[in-house]
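A.B. asks: Here is the input, now give the coordinates:
(2 chains)
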Amino acid sequence: MEPARVDFIIMFSIATAVMLLLAFSIILFVIFYQKRILSEQLKRQVMEVEYQQKMLQAALESQEKERSRLASDLHDSVGAMLSTIRLTLHPLVKAGNGDTLDQTKQLLDETIETVRRISRDLLPTSLEKFGLSHAIKEMCERIQLSGIIEVKISETGTPIEMDKKREVLIYRIAQEMISNTIRHSKANWMHVQLVWSDTLQLVIQDNGEGFAYKGFKEKQTNYKPGLGLYNIETRVSLLGANLEYNTVFPQGSQFTVKIPTAA
Amino acid sequence: MSLTDFNLLAAYAQWAGSFFIILLCAYNWRLLSSDLKAVGVYAALSFFFQLLQFVSFIFLKSKFNNPVANVYSPIEVMSLLAIYFFSPKLQKYRLLLGMVSTALLVFLTWTAITHTRTINATSETVRDLTMIVGSLTYFLLLMKDLSEENIMEMPMFWINSSILFFFSCTFILSLSMGYIQEVLREDFVIFWIFRNFLRFGFCIVICIGIWKARKLTHQIK
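C.D. replies: All right, here's what the predicted structure looks like:
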């Protein structure tokens, strides 16, 4: 082959290879550019979510602190004062100064009991002392004793001790759910289940009239900022848990919260 | 295998490539967006002109092969630019694209009329350059307005990549077409085999793009 031809073929091959390489580089650049931009966007979103979670956690922690302060004030000041009044009243009742004093003492007893209940609800001391299972059981027993609704509580698996902050969040979820059932479901019994395994499953089932969860949420968002479900969902999200709702009208409803036991 | 056999194989391969695109587009016609339909039209035109060249090659001793290629050149550019014209990404630039297309049509038709006997290097080079600029512009707009979906799942990414890849590779060939035809007469076929195999690859990558469009539509449904 003539040298000029060989030269041309070499030049042609090099030039084509360069063009090919350029095209390939541009395509690769577009792919990696998109990947980089998307990963940056993702990072920003994760940071935003983390920031929001921290804000929510801070808000809930401050709420807990406020509750604790209020509970202490109620128990130590108002409760103590009421108890003193009761003690002062005792000799008068014993002396037999009539029905009015008896009624006043009864009213005072009820007030003392109410203050204790509010104080207990605000600061579940049993949660601090005996743990989550015991605190939820105690709450259920209290409701059962009040006669408002029949409450059955069951527990399977071995309880795992969690971080106290997480336990408080779970306790508040259970408290809110039970309170919702009592106030809105028109149920006459409820079953609270604690299932311990890799996760903790908190199941609250009732025989009330049930409700359309999605429709209810939309209504809350559109018309009034409903705090109940919002609080539950906020705490569920902070726990990294999963909330499921099932209803079989008219048989009742069932809320299941699956909570990772490790933070 | 002789060089003629290779030449025929490469020609049939690129012809088959166009046929695959037509089949895929026809089968999924209703699912395709306007820009992807334009790809189908481009493949159909390409298939038809290859058929004409085949007829000229078999029955008329290649007498009309070069004139067919020269007539096809402006039609190819127009059909390829139609892909960008109908692309939602370039909607804002339709007027500019229309003006460029008209200017190119006039220029390429004029060169096709004035140079019918040999393949016209100028029109081939202008075509390649136009398509390279078009695909680069598309990529720039794609990067400017990035979607969150994986870019590799976008049909137009594959189609645009294949356009950039193919026309970048044939650019040097188009540029030196005159020299090759005049000086390397017998060796011209080697370059043409290379070009036809490249075009086969180009068609296969376009087929991947159409396939992605089909998958994407099914996912949306």
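A.B. asks: tell me which helix or strand of chain B sits lowest on mean pLDDT?
C.D. replies: None of the helices or strands of chain B scores lower by mean pLDDT, DSSP states H and E than helix B:177-182, at a mean of 81.
A.B. asks: following it, which helix or strand shows up next?
C.D. replies: Going down the chain from helix B:177-182, the next helix or strand is helix B:188-220, by DSSP states H and E.
A.B. asks: so what does that following helix touch, helix or strand wise?
C.D. replies: Helices and strands touching helix B:188-220, by 3 or more CB pairs under 8 Å, 6 or more residues apart in numbering or on different chains; DSSP states H and E, are helix B:3-27, helix B:34-59, helix B:155-175, helix B:177-182. Where C-beta positions appear, they are placed from N, C-alpha and C, glycine not excepted.
A.B. asks: That helix to helix B:155-175, inter-axis angle?
C.D. replies: Computed by axes from the mean of the first three to the mean of the last three CA atoms, to 10 degrees, the angle separating helix B:188-220 from helix B:155-175 equals 170 degrees.
A.B. asks: Which single residue in chain A comes nearest to chain B?
C.D. replies: Nearest to chain B, among the residues of chain A, is A:Ala23, at 3.9 Å (CB to the nearest CB).
A.B. asks: most packed of the helices and strands packed on helix B:188-220?
C.D. replies: helix B:155-175 (a mean of 23; mean count of other CB atoms under 10 Å in any protein chain shown).
A.B. asks: Could you see whether chain A lies near that one?
C.D. replies: Yes. Judged by CB under 8 Å from any CB of the partner chain, helix B:155-175 comes into contact with chain A at B:Phe157, B:Ser161, B:Leu164, B:Phe165, B:Ser168, B:Cys169, B:Phe171, B:Ile172, B:Leu173.
A.B. asks: any idea how far the fifth one is from B:Met131?
C.D. replies: Put plainly, it is B:Ser168. 9 Å (CB to CB, to the nearest Å).
A.B. asks: of all the residues in the stretch 51-200 of chain A, which ones are close to chain B?
C.D. replies: Looking at chain B, no residue of the stretch 51-200 of chain A is close enough under CB under 8 Å from any CB.
A.B. asks: how about the helices in the stretch 51-200 of chain A?
C.D. replies: In the stretch 51-200 of chain A, the helices defined using DSSP state H, counting those that start in this stretch lie at A:80-94, A:99-122, A:125-130, A:132-146, A:164-184.
A.B. asks: could you say what helices and strands the shortest one packs with?
C.D. replies: Based on contacts counted as 3+ CB pairs under 8 Å, 6+ apart, the elements that helix A:125-130 packs against are helix A:132-146, helix A:164-184.
A.B. asks: Select, out of the ones you listed, the one closest to B:Asn65.
C.D. replies: helix A:164-184 (78.8 Å; CB to CB).
A.B. asks: so that closest one versus helix A:132-146, what angle?
C.D. replies: 20 degrees.
A.B. asks: tell me the contacts of the nearest residue to A:Val192 once chain neighbours are set aside?
C.D. replies: Nearest residue to A:Val192, sequence neighbours excluded (CB to CB, 6 or more residues apart in numbering or on different chains): A:Ile153, at 4.7 Å. By CB atoms under 8 Å, 6 or more residues apart in numbering or on different chains, the residues touching A:Ile153 are A:Ile136, A:Lys137, A:Cys140, A:Glu141, A:His191, A:Val192, A:Gln193, A:Leu194.
A.B. asks: make it 6 Å
C.D. replies: Applying CB atoms under 6 Å, 6 or more residues apart in numbering or on different chains, one finds that A:Ile153 lies in contact with A:Lys137, A:Cys140, A:Val192.
A.B. asks: What pLDDT is listed against it?
C.D. replies: In this model, A:Ile153 is scored at 92, pLDDT.
A.B. asks: Pass me the low-pLDDT residue ranges in chain A, would you?
C.D. replies: Applying pLDDT under 70 to chain A flags residues A:1, A:96-98, A:212-227, A:248-250, A:263.
A.B. asks: Could you list the domains of chain A?
C.D. replies: A:1-123, A:131-263 (automatic domain parsing).
A.B. asks: which of these is buried the deepest?
C.D. replies: Of these, domain A:131-263 is the most buried (mean count of other CB under 10 Å), at a mean of 16.
A.B. asks: Chain A contacts on chain B?
C.D. replies: Counting by CB under 6 Å from any CB of the partner chain, the residues of chain B close to chain A are B:Phe139, B:Met143, B:Leu146, B:Ile151, B:Ser161, B:Leu164, B:Phe165, B:Ser168, B:Cys169, B:Phe171, B:Ile172.
A.B. asks: Check what contacts the helix or strand in which B:Val68 is found and list those residues.
C.D. replies: Using DSSP H and E, B:Val68 sits within helix B:65-85. For helix B:65-85, contacts defined as CB under 6 Å, 6+ apart pick out B:35, B:38-39, B:41-42, B:45, B:49, B:52-53, B:56, B:90, B:97, B:101, B:104-105, B:108-109, B:112, B:116, B:118-120, B:123, B:127, B:130-131, B:134.
A.B. asks: And stretch B:136-153, by the same measure?
C.D. replies: With CB under 6 Å, 6+ apart as the criterion, stretch B:136-153 contacts A:Val30, A:Tyr33, A:Gln34, A:Ile37, B:Lys89, B:Phe157, B:Asn160, B:Lys212.
A.B. asks: For A:Ser13, which of the helices of the stretch 51-200 of chain A is the nearest?
C.D. replies: Here helix A:164-184 is closest among the helices of the stretch 51-200 of chain A (CB to CB), at 67.0 Å.
A.B. asks: wait, what's in contact with B:Asp128?
C.D. replies: Neighbouring residues of B:Asp128 by CB under 6 Å, 6+ apart: B:Phe167, B:Thr170, B:Phe171, B:Ser174.
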